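Peer 1: Provided below for reference: sequence and predicted model.
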Amino acid sequence: MPLTDLLVPTYRNMLKTLAGLLDRAERQAPAGAEGLLSARLAPDMLPLAAQLRFAAYQAQEATFRLRGQAIPPSLAAVAAEGREAGNAPGSLADARARIDQALSQLDGLTDDALDAGDTLPIAIELPGGVTFDMTGETYARDWALPQFYFHVVTAYAILRNQGIGIGKADYVPHMFAYLRSAPAPSA
């Protein structure tokens, strides 16, 4: 499967899921929804605000790396916001803006924008001198998608842990487009 066909719909579906989860949180906790942004699953994990920003970042990061382009400063700022979200969680409006920004960036891609990146050498450099060298294909499979899903699932789990009434159908609402109608009862 071409990388564009794999990644772009995946990112779009799950970013829309995040927006829907925030909608549910606001409806269920209108007075306290902003406070959810500081919620964490564990003391050593980043809060919801960071998970939302990192999901928006990850979806866009891959589109630059797989086209052999540098991460623009505006996108690097989203990652920096995520790292600082424990001290400055921002607002739900900020989180929605980051999700909308990612969706808009994905909408601007051509139908084959990422496909030539499958053999591109990609290096992921982490703090502490750790570097992963991959091809575009292995990057998409082994880094980009797992990192993205980690932040989406963690955001879901934080909201669920904070008492927001969400379930699997809220996590995969895009699947209802594929729902088979039940056969009509036979007479």
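Peer 2: Nice, thanks for sending it over.
Peer 1: Report the backbone C-alpha coordinates of stretch 10-24 in PDB.
Peer 2: Output of stretch 10-24 as PDB, limited to C-alpha atoms (Å, rounded to 0.1, in the frame of the first residue of the first chain):
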ATOM      1  CA  THR A  10      -5.200   7.000   9.400                       C
ATOM      2  CA  TYR A  11      -4.100  10.400  10.700                       C
ATOM      3  CA  ARG A  12      -7.300  12.100   9.600                       C
ATOM      4  CA  ASN A  13      -9.600   9.500  11.200                       C
ATOM      5  CA  MET A  14      -7.800   9.500  14.500                       C
ATOM      6  CA  LEU A  15      -7.400  13.300  14.700                       C
ATOM      7  CA  LYS A  16     -11.200  13.500  14.100                       C
ATOM      8  CA  THR A  17     -11.500  11.000  16.900                       C
ATOM      9  CA  LEU A  18      -9.500  13.200  19.200                       C
ATOM     10  CA  ALA A  19     -11.800  16.200  18.300                       C
ATOM     11  CA  GLY A  20     -14.800  14.000  19.100                       C
ATOM     12  CA  LEU A  21     -13.400  13.000  22.400                       C
ATOM     13  CA  LEU A  22     -12.900  16.600  23.300                       C
ATOM     14  CA  ASP A  23     -16.500  17.300  22.400                       C
ATOM     15  CA  ARG A  24     -17.700  14.500  24.700                       C
END
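Peer 1: Other residues contacting it?
Peer 2: Residues from elsewhere that reach stretch 10-24 (C-beta atoms under 8 Å, 6 or more residues apart in numbering): 33, 52, 55-56, 59, 62, 92, 95-96, 99-100, 102-103, 106, 145, 148-149, 152, 155-156, 159, 164-166, 170-174. No exception for glycine: its C-beta is placed from N, CA and C like everyone else's.
Peer 1: Just the ones of those in helices?
Peer 2: Cross-referencing those against helices under DSSP state H gives 52, 55-56, 59, 62, 92, 95-96, 99-100, 102-103, 106, 145, 148-149, 152, 155-156, 159, 170-171.
Peer 1: Pull out the buried residues from those.
Peer 2: In terms of neighbour count (16 or more other C-beta atoms under 10 Å), the buried residues within the ones in helices among the contacts of stretch 10-24 are 52, 55-56, 59, 62, 92, 95-96, 99, 102-103, 106, 145, 148, 152, 155-156, 159, 170-171.
Peer 1: This protein: strands as residue ranges?
Peer 2: Per DSSP state E, the chain carries strands over the ranges 121-126, 130-135.
Peer 1: In a markdown table: those, plus distance to residue 38.
Peer 2: Formatted as a markdown table, these follow (distance: least, C-beta to C-beta, whole Å):
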| stretch | distance to residue 38 |
| --- | --- |
| strand 121-126 | 25 |
| strand 130-135 | 29 |
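Peer 1: Relative to residue 1, which of those strands is closest?
Peer 2: Proximity to residue 1 (C-beta to C-beta) singles out strand 130-135 among the strands of the chain, at 15.4 Å.
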